[in-house]
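> Return a 3D structure for these sequence lines:
(4 chains)
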Protein chains: 2
Amino acid sequence: MNFSELRRQLYGLPKCLFGRVQVAAAQCRGTALHGGAHRRVLRSCLPKGNAEKQKEERSRGGAAGRFSRARIHGLTIAPRFAGWQCVPLKCTREGKPRAIMPTIVVASHPEPCRMNITAVARKARVSTATVSRTINGSSSVQAGTAERVRKAIAELGFHPDINARALGSGRSSLYGLIISDITNPFFPELVKAFEDAAVAHHKEVLIANTGYDPKRLDICVKRMLQRKVDGVAIMTSEMDDALLDVFQKRKIPLVLLDAHPASPGVSSVRIDHSAGMLQAVQHLAELGHTRIGFISGPLNLPSARERHTAFQAACKQFRIRLMPRRMTQGDHRVDGGYKAMQQLLQTNTDLTAVVCSNDLTAIGAMEMLFESGLRVPEDISVVGSDDILLSAYTRPGLTTVNVPREDLAGAAFRSLLSYTLGADVNVVGQEHIFTPKLVCRGSTAANASRSDEEP
Amino acid sequence: MNFSELRRQLYGLPKCLFGRVQVAAAQCRGTALHGGAHRRVLRSCLPKGNAEKQKEERSRGGAAGRFSRARIHGLTIAPRFAGWQCVPLKCTREGKPRAIMPTIVVASHPEPCRMNITAVARKARVSTATVSRTINGSSSVQAGTAERVRKAIAELGFHPDINARALGSGRSSLYGLIISDITNPFFPELVKAFEDAAVAHHKEVLIANTGYDPKRLDICVKRMLQRKVDGVAIMTSEMDDALLDVFQKRKIPLVLLDAHPASPGVSSVRIDHSAGMLQAVQHLAELGHTRIGFISGPLNLPSARERHTAFQAACKQFRIRLMPRRMTQGDHRVDGGYKAMQQLLQTNTDLTAVVCSNDLTAIGAMEMLFESGLRVPEDISVVGSDDILLSAYTRPGLTTVNVPREDLAGAAFRSLLSYTLGADVNVVGQEHIFTPKLVCRGSTAANASRSDEEP
DNA sequence: CTGTTAGCGCGTTCAG
DNA sequence: CTGAACGCGCTAACAG
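Prediction:
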């Protein structure tokens, strides 16, 4: 028998009383009566049955007698227990109730409207196991029983607690999605598609912004691990290989954006940047442009590097001369594009077109061009990449390489889901490649200056 | 003693063996040997100590003898247990090992690298409670002990399981954020600010898109409830009052956007639309505009209604004549703005300015004006509302009423947090009002047409 | 200050 | 097919 049970019996509380039964840390004349003293008082009330404990207590010096009625009566209820139910102490010792009783505060949390599986089971008059089986449709439950259970669930408006379910089963049906920055217009559609896919499969999504900050990335990863996610999609480019180990060690499947899956349980969705750049450069070449500038993203990002090299390869294919002074670096944001364009204009006076590593960069570049008095596309053509929502509504509309973000996100989610559905985590995952497509808008036009540098 | 424990002792497995010990549902000559038959075999091996059970078993007909060695030897391991560890059966009955032993498959899951609080406690040679206390910094733990625990945590790379924590403590440190649609540029900054605030307080955010669909809103709410969120911010306008009850019944604090907190535990963050509209109209009035059109949002949304009435009030204040044909309705999206502008142009030929209920609408309207050959701002001025990221990069830049979304989100989170930190959920929450501020960009200019209709 | 343990709500296993 | 019991990892209450 525990002490709690002992107390319960001591206080004569019905067993059915839900919630915890506890004794308030009541105050005795300003001095907290807790710990040993309190317990000694209780011990002194032990029924004869617990002779052993009583004896042990007595042998320690018979603390029971040390608290006179007067002192016990001096107990006051601590403020935080105000309003709690006071249960008279029914001491079974020799059947004689003792005077100290009403001064002990028994706090029985008022029966909360517990909406757990037990409540449903009670209502449907079955066991909790049967309710669980009905909910999950696992084993066969007799039709009638199942119906009764379902009815009870509906009537009580019961939703199983996902935390408990995750704890017990080990599966959280939660998928992590790590992105750089939700305010970057590239991501919302990605997020939405991922979430839609998840909700369709009754899964949840935990979104984390790294804010381009490796430190915050660690925090994000920690959050994911703590929540025991069933899989993580890392859609930010600033990846650390150490991260892979962290997830792999815990057998958590991963999906990466624009990376080769080199480890077990890691798959990837890739954008065929070379195809995209090829289309962009071809488009410009067909319009007669030969002196084309390029504003890259931060070259420590793999995806930015890939776009960079893809641009170079495309230029080679179309025999467009690459010159270092025509290549500069932005930061994938508007400001970076603005500054990079400024720099390009300083070092080049003859550019007729600029390709940008992403749309925000292109928008910044167009802003700069506008302020410099250059017209887009008459004086200079601009091509972006991503096709964010904004790019349709700039003036002129931005010609850009559309990256199918919805498809990307859907494929990423499905990869993760496949592991949950039984794919082997020890096998290196698949690679899904998506080909972007050029969207022509108003920011590109035929090269008006006839002074081509070379054939 | 359980049956499991009995078996464990029977098989001579060490107590320290982690994981479950179970007997495979082995197959006997194609027939599953399970349930009663299997148990009878086991029972027959019971050590003398369990005389009582043995006796009971014998009285039922002495099933033990019914399985000859030959038959038992015919047991084969079911495929799903292939590769599992086989532990020889060590029968203690009179010390004589019996021949049937090796045929029983004992599956002991290989010890997984369990990263729980117990592992940390073992390593730091303290109790789990001490580890818990160190992590949560609740009660005082001796400096040296705490240091040892922290070291163990670091060495093992331990992260507490949040699901378990939520289950045990009742607090999930998870806050729900319900928005309409993450791809609507109004929301990402809101989301980001909310999340930043949450992460700063070591809380988590669960984001849900309703997609403007009441049905999906129900699903979102269900998700929130299942995750046992500590609070919910409903930042979408299409609210159902029935929802309030759902959350209130479960004592989950709420924050609403643009609504009066009428219930206990509900607070709200509001935008002072009249102040914003006043600035917008004043700006136009000062530029000499008197014939001003208005494109509202869907008027079933409270926030759209508020902006609508705020516009009317502002016009009255500046003695600008309101005419029904100058008011039309969009859908808070680009398309809606485009179509609404088309309609306005058809019914009005003399407009010199248009105020839009949000920026996307304004962008659509500008698109339409451009296609109609009208210049912004020379022929017609356009004012939006929200100040989304896009509006700085349209050409011309959009003059708009900046709604401080970061502040909004921060205040919303703090309201929720205050309940977690001890505010009474039974008290009607506070109301935080934010005043928007007009941002002047290029889409507004002085009225060029001198034919003012009235003084 | 630290150790021990009940119990959170569910899924799962095993006895009948 | 159903019910009883255990365990997931942690917190909080209690014991010393």
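> tell me the domain boundaries of chain A?
For chain A, the structural domains run A:3-108, A:117-160, A:173-455, going by automatic domain parsing.
> Measure how buried the residue of the stretch 101-250 of chain A found nearest DNA strand D is and give me the count.
The nearest approach of the stretch 101-250 of chain A to DNA strand D comes at A:Ser140, 2.6 Å away (CB to the nearest atom of the strand). (Each C-beta comes from the backbone N, C-alpha and C, glycine too.) When neighbours are defined as other CB atoms under 10 Å in any protein chain shown, A:Ser140 has 8 of them.
> Which strand or helix spans it?
Under the criterion DSSP states H and E, no helix or strand holds A:Ser140.
> try A:His432
When secondary structure is defined using DSSP H and E, the element that contains A:His432 is strand A:431-434.
> Centre of the chain to the next helix or strand after that strand, how far?
Proceeding N to C from strand A:431-434, the next assigned helix or strand is strand A:437-439, under DSSP H and E. When distances are taken as CA atoms, centre = their mean, to the nearest Å, strand A:437-439 is centred 32 Å away from the chain's centroid.
> Pull up the pairing partners for strand A:437-439, direction included.
Looking at strand A:437-439 with DSSP bridges, its partner strands are strand A:399-402 (antiparallel).
> ok, back up a step: adding mean pLDDT, write the domains of chain A out as CSV.
Below are the domains of chain A laid out as CSV (pLDDT from 0 to 100):
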stretch, mean pLDDT
domain A:3-108, 34
domain A:117-160, 87
domain A:173-455, 89
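> sorry, back to before: who does the strand holding A:His432 pair with, and is each partner parallel or antiparallel?
Each strand pairing with strand A:431-434, determined using DSSP bridges, is listed with its direction: strand A:266-271 (parallel).
> Quick check: which of the domains of chain A is buried the most?
Mean neighbours per residue, mean count of other CB atoms under 10 Å in any protein chain shown, is largest over the domains of chain A for domain A:173-455, with a mean of 20.
> Pull the contacting residues for the nearest residue to A:Gln342 once chain neighbours are set aside.
Excluding its sequence neighbours, the residue lying closest to A:Gln342 (CB to CB, 6 or more residues apart in numbering or on different chains) is A:Met368, at 5.5 Å. In this structure, A:Met368 makes contact with A:337-339, A:341-342, A:345, judged by CB atoms under 8 Å, 6 or more residues apart in numbering or on different chains.
> if I look at A:Met368, how far off is B:Glu189?
Separation of A:Met368 from B:Glu189 (CB to CB, to the nearest Å): 24 Å.
> Now do the strands for the stretch 101-250 of chain A: every range, in order, please.
Secondary structure of the stretch 101-250 of chain A, counting by DSSP state E, counting those that start in this stretch: strands at A:106-108, A:174-179, A:204-209, A:231-234.
> actually the stretch 251-400 of chain A, sorry about that
In order along the chain, the stretch 251-400 of chain A carries the following strands (DSSP E, counting those that start in this stretch): A:254-257, A:266-271, A:292-296, A:327-329, A:353-356, A:381-386, A:399-402.
> May I see those strands arranged in CSV, with distance to B:Glu406 as well?
Formatted as CSV, the strands of the stretch 251-400 of chain A follow (distance: least, CB to CB, whole Å):
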stretch, distance to B:Glu406
strand A:254-257, 27
strand A:266-271, 31
strand A:292-296, 29
strand A:327-329, 29
strand A:353-356, 28
strand A:381-386, 25
strand A:399-402, 29
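> and of the ones you listed, who's closest to A:Gln226?
A:Gln226 lies closest, by CB to CB, to one member of those: strand A:254-257, at 16.9 Å.
> got a list of contacts for the closest one?
Contacts of strand A:254-257 with the rest of the structure, by CB under 8 Å, 6+ apart, involve A:231-237, A:239, A:244, A:247-248, A:265-271, A:303, A:408, A:412, A:415-416, A:429.
> which one of the strands of the stretch 101-250 of chain A lies closest to DNA strand C?
Proximity to DNA strand C (CB to the nearest atom of the strand) singles out strand A:106-108 among the strands of the stretch 101-250 of chain A, at 12.0 Å.
> and the strand holding A:His432, how far from the chain's centre?
Remark: strand A:431-434 is offset 24 Å from the chain centroid, using CA atoms, centre = their mean.
> Check stretch A:415-423 too.
Relative to its chain's centre, stretch A:415-423 lies at 18 Å (CA atoms, centre = their mean).
> Stretch A:170-185 too?
Average the C-alpha atoms of stretch A:170-185, do the same for its chain, and the two points are 5 Å apart (CA atoms, centre = their mean).
> Could you see whether chain B lies near it?
Yes: figure legend: stretch A:170-185 in contact with chain B (CB under 8 Å from any CB of the partner chain); contacting residues A:172, A:181-183, A:185.
> Check stretch A:380-394 too.
Yes: judged by CB under 8 Å from any CB, stretch A:380-394 and chain B are in contact via A:389-390, A:393-394.
> would CSV of the residues of stretch A:170-185 next to chain B with distance to DNA strand D be doable?
Written out in CSV, the entries for the residues of stretch A:170-185 next to chain B read as follows (distance: CB to the nearest atom of the strand, whole Å):
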residue, distance to DNA strand D
A:Ser172, 12
A:Asp181, 30
A:Ile182, 29
A:Thr183, 33
A:Pro185, 38
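> And the residues you listed, which is closest to B:Leu299?
Of all these, the one sitting nearest B:Leu299 is A:Pro185; the distance, using CB to CB, is 28.5 Å.
> The closest one against A:Ala392, yeah?
No: in this structure, A:Pro185 sits apart from A:Ala392 without contact. The criterion is CB atoms under 8 Å, and the distance is 11.3 Å.
> Might you report the residue contacts of the residue in the stretch 301-450 of chain A positioned nearest to chain B?
Here the stretch 301-450 of chain A gets closest to chain B at one residue, A:Arg395, 3.2 Å apart by CB to the nearest CB. Neighbouring residues of A:Arg395 by CB under 8 Å, 6+ apart: A:442, B:370, B:394-396.
> And for A:Met239?
A:256, A:259, A:302.
> For it, give me the backbone phi and psi.
Reported as degrees, to the nearest 10, the phi and psi values for A:Met239 are phi -100, psi 150.
> Could you list everything the nearest residue to A:Met224 once chain neighbours are set aside pairs with in the sheet?
Taking CB to CB, 6+ apart, and ignoring the residues beside it in sequence, A:Met224 has A:Gly176 as its nearest neighbour in space, at 4.1 Å. Applying DSSP bridges to A:Gly176 yields these beta-bridge partners: A:Leu206, A:Val232.
> I'd say A:Gly176 and A:Lys228 touch.
No: A:Gly176 lies out of contact with A:Lys228 (CB under 8 Å); the separation is 10.2 Å.
> Give me the distance between the nearest residue to A:Leu301 once chain neighbours are set aside and B:Val425.
The spatial neighbour of A:Leu301 that comes closest, neighbours along the chain excluded (CB to CB, 6+ apart), is A:Ser237 at 4.1 Å. From A:Ser237 across to B:Val425, the span is 43 Å (CB to CB).
> Excluding sequence neighbours, find me the nearest residue to the residue of the stretch 351-455 of chain A found nearest DNA strand D.
Here the residue of the stretch 351-455 of chain A nearest DNA strand D is A:Val425; by CB to the nearest atom of the strand that distance is 17.4 Å. Leaving aside its chain neighbours, A:Val425 sits nearest to A:Gly265 (4.2 Å; criterion: CB to CB, 6+ apart).
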